[in-house]
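Chemist: Just a sequence and a predicted model for now, questions to come.
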Amino acid sequence: MRKVYLDNAATTPLLPEVREAMLPYLGDVFGNPSSLHDWGDGAREAVASAREQVAALIGANADEMIFTGSGTESNNFAVKGLALAQQNKGKHVAVSAIEHFSVLHSARTLAKWGFEVSEIPVDKYGVVNPDDLRRSLRKDTVLVSVMHANGEVGTIEPIQELARITRERNIPFHTDAVATAGTTPVKVVELGIDALSLAGNQFYGPKGVGALWIRKGVRIMPLLDGGIQEEGRRAGTENVPAIVGLGKAAELAKIHMTDRIKRLTPLRDRLLKELPGRIERVVVTGHPQNRLPGHASFCVEFIEGESMLMLLNSRGIAVSSGSACTSRALKASHVLIAMGLSHEIAQGSVLFTLGIDNTDEDIDYVLEAMPPIVDRLRQMSPLYAKFSKTVKGGK
Amino acid sequence: MPVYSKKVMDHFMNPRNVGEIENPDGVGEVGNPVCGDMMTFYIKVKDDRLEDVKFKTFGCGAAIAVSSMVSEMAKGKTLEEAMKITPRSVADELEGLPKQKFHCSNLGAQALNKAIKDYLSKKKKGGNK
């Protein structure tokens, strides 16, 4: 059976070149970067050169990069660490309503610690309107966090415009760039931001490693206390092989980014255009144009995402869904609900996130496999039966 | 490790008794799309036995497998026996359900129960059965 992996937002595969680069650090070069002897030297050099590679990817200085254990850790660190470092100035933070849970729930934890949190609404495409950001700011706002792009609906946010508003008021701006860094051009200076999170397994690097960039001079409170790794901002012995892998993946992403975007965009556009052409009552979620290059997301009416996912899997196709049944919390995607979709429609969420291995034949295969799966589930669906009786009249 | 048992996968991939019954003797509907799952059961009764059971389900893999299993367990049983089908006995027949799916998706027994009660109340009111 043909195997088509279209869940690159969950994780990308590891590139062979990245694995090769990591191998010595899972073998002979095992030293602790903090050690002063030869064993430590090798590891220290590897971490330093990875830091250069990751910084270059986002146009930053190497000494502004902090390695972490994941995108989630970077987001926790940024939201909690930046707010705590400035709590003498105020105790209000604003985050968009469609942030990843690692930002949203960090903000909720801040609320338990005595901060006040505003959630900035989004429009039907998932875009944060600059006026809504303005309205959510207060005299005591000490942090704003808006993601660069949303991994569930693919929408890219107008970060430059949003960050201009906070800069005028001297409020630090953090962006979760886990979905964009390594995938689309990200330059921290152009964006005009103060902190940025990224993760290795989103651009063909290893899992279990991420980074947080913080503009020099912006204060952050460490969440992990211990040794003085990462300039004392993130204690704990470095995960050297993973950091080396992240560095290599960043280097390759920088070199091949334009080509990758050129390959992915037409495949994405085929899905966005042809899937609704083949199946009735399918809506595209997220912004129709201003979206991630490999990201095609939909809601299929009258059926539920997990059962779609499972039937696609039985045909060798891997996808994700934001339906309540797919999530372990059994709640429909907060992103789709914030965009104004009904719970009923949000249940039919399905997302295809393409990667560099995908081809036109993969898209042909998906376009052929999907309609009978939808049809089969609709034949079972009481909602579709009602729709057929009332709207279609008869049959 | 797969999330679902082989039995669940079998009932999800090849669900038994999907559909509606024309002029059913009883109908039971439970759930709503907000919580994720919705099931409608249709029954045909003859001599106090479930002559036919059909269902339509909107929901996840577990919800579909549960509906299918309930329909299979119920068919041919007396009403009294069918009323004894519980979420627990359905889950056991399916060789287990993931913990988080046990409550929300395991509505089949409830829907069947409702269909039987619907039949009984119609009968009481002096319906044609």
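Modeler: In hand now; what should we look at? Numbering: from 1, shown residues only, chains lettered A, B, ... in the order given.
Chemist: Just give me the longest helix of chain A.
Modeler: helix A:240-278 (DSSP state H).
Chemist: Ok, chain B next?
Modeler: helix B:108-124.
Chemist: element containing residue A:95, please.
Modeler: Using DSSP states H and E, residue A:95 maps to strand A:92-96.
Chemist: Name the residue of chain B with the shortest distance to chain A.
Modeler: Of all residues in chain B, the one sitting closest to chain A is residue B:60 (3.4 Å; Cβ to the nearest Cβ). Quick note: C-beta positions are derived from backbone N, CA and C, even for glycine.
Chemist: for residue 17, what are its contacts?
Modeler: Using chain A. By Cβ atoms under 8 Å, 6 or more residues apart in numbering or on different chains, the residues touching residue A:17 are A:248, A:252.
Chemist: please go with chain B instead
Modeler: So residue B:17 contacts B:53-55, B:68, B:71-72, B:75 (Cβ under 8 Å, 6+ apart).
Chemist: Can you pull the residues of chain B lying near chain A?
Modeler: Taking Cβ under 8 Å from any Cβ of the partner chain as the contact definition, chain B meets chain A at B:12-13, B:15, B:18, B:20, B:29, B:33-40, B:56-64, B:100-101, B:104-105.
Chemist: thought residue A:57 was touching residue A:186?
Modeler: Yes - Residue A:57 is in contact with residue A:186 according to Cβ atoms under 8 Å; the separation is 7.4 Å.
Chemist: Next, show the common contact partners of those two.
Modeler: In contact with both residue A:57 and residue A:186: residue A:198, using Cβ under 8 Å, 6+ apart.
Chemist: In the stretch 201-350 of chain A, which residue sits nearest chain B?
Modeler: residue A:325 (3.4 Å).
Chemist: any idea how far residue A:303 is from that residue?
Modeler: In this view, residue A:325 and residue A:303 are 11 Å apart by Cβ to Cβ, to the nearest Å.
Chemist: quick one, which of these two is more surrounded?
Modeler: residue A:303 (28 against 25; other Cβ atoms under 10 Å in any protein chain shown).
Chemist: Could you find the closest non-adjacent residue to that one?
Modeler: Excluding the flanking residues, the one nearest residue A:303 by Cβ to Cβ, 6 or more residues apart in numbering or on different chains is residue A:377, at 4.1 Å.
Chemist: May I have the predicted confidence score for the spatially most central residue of chain B?
Modeler: For chain B, the residue nearest the mean C-alpha position is residue B:108 (3.6 Å; Cα atoms, centre = their mean). In this model, residue B:108 is scored at 93, pLDDT.
Chemist: now it: how far from residue A:136?
Modeler: 45 Å.
Chemist: where does chain B dip in pLDDT?
Modeler: B:104, B:127-129 (pLDDT under 70).
Chemist: Helices of that one, residue ranges please.
Modeler: Going by DSSP H, chain B shows helices at B:6-13, B:61-74, B:79-82, B:87-93, B:101-104, B:108-124.
Chemist: roughly how far out does stretch A:144-155 sit from the chain middle?
Modeler: How far stretch A:144-155 lies from its chain's middle: 7 Å, per Cα atoms, centre = their mean, to the nearest Å.
Chemist: Pull out the buried positions in the longest helix of chain A.
Modeler: A:240-254, A:257, A:260-261, A:263-264, A:267-268, A:270-272, A:274-275 (16 or more other Cβ atoms under 10 Å in any protein chain shown).
Chemist: and the residue in the stretch 51-200 of chain A that chain B sits nearest to, what does it touch?
Modeler: Relative to chain B, the nearest point of the stretch 51-200 of chain A is residue A:101 (16.5 Å; Cβ to the nearest Cβ). Counting by Cβ under 8 Å, 6+ apart, residue A:101 makes contact with nothing.
Chemist: Any figure for the gap between it and residue A:108?
Modeler: 9 Å.
Chemist: and the angle from the longest helix of chain B to helix B:61-74?
Modeler: 50 degrees (axes from the mean of the first three to the mean of the last three Cα atoms, to 10 degrees).
Chemist: Dump helix B:108-124 to CSV, keeping only the CA atoms.
Modeler: Taking Å, rounded to 0.1, in the frame of the first residue of the first chain, the C-alpha atoms of helix B:108-124 are listed here in CSV:
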residue,chain,number,x,y,z
GLY,B,108,-24.8,3.1,22.4
ALA,B,109,-26.5,1.2,25.3
GLN,B,110,-28.2,4.5,26.3
ALA,B,111,-29.5,5.1,22.8
LEU,B,112,-30.8,1.5,22.5
ASN,B,113,-32.5,1.9,25.9
LYS,B,114,-34.2,5.1,24.7
ALA,B,115,-35.4,3.4,21.6
ILE,B,116,-36.9,0.6,23.6
LYS,B,117,-38.6,3.0,26.0
ASP,B,118,-39.9,4.9,23.0
TYR,B,119,-41.5,1.7,21.8
LEU,B,120,-42.9,0.9,25.2
SER,B,121,-44.5,4.3,25.7
LYS,B,122,-46.0,4.2,22.2
LYS,B,123,-47.5,0.8,23.0
LYS,B,124,-48.9,2.1,26.3
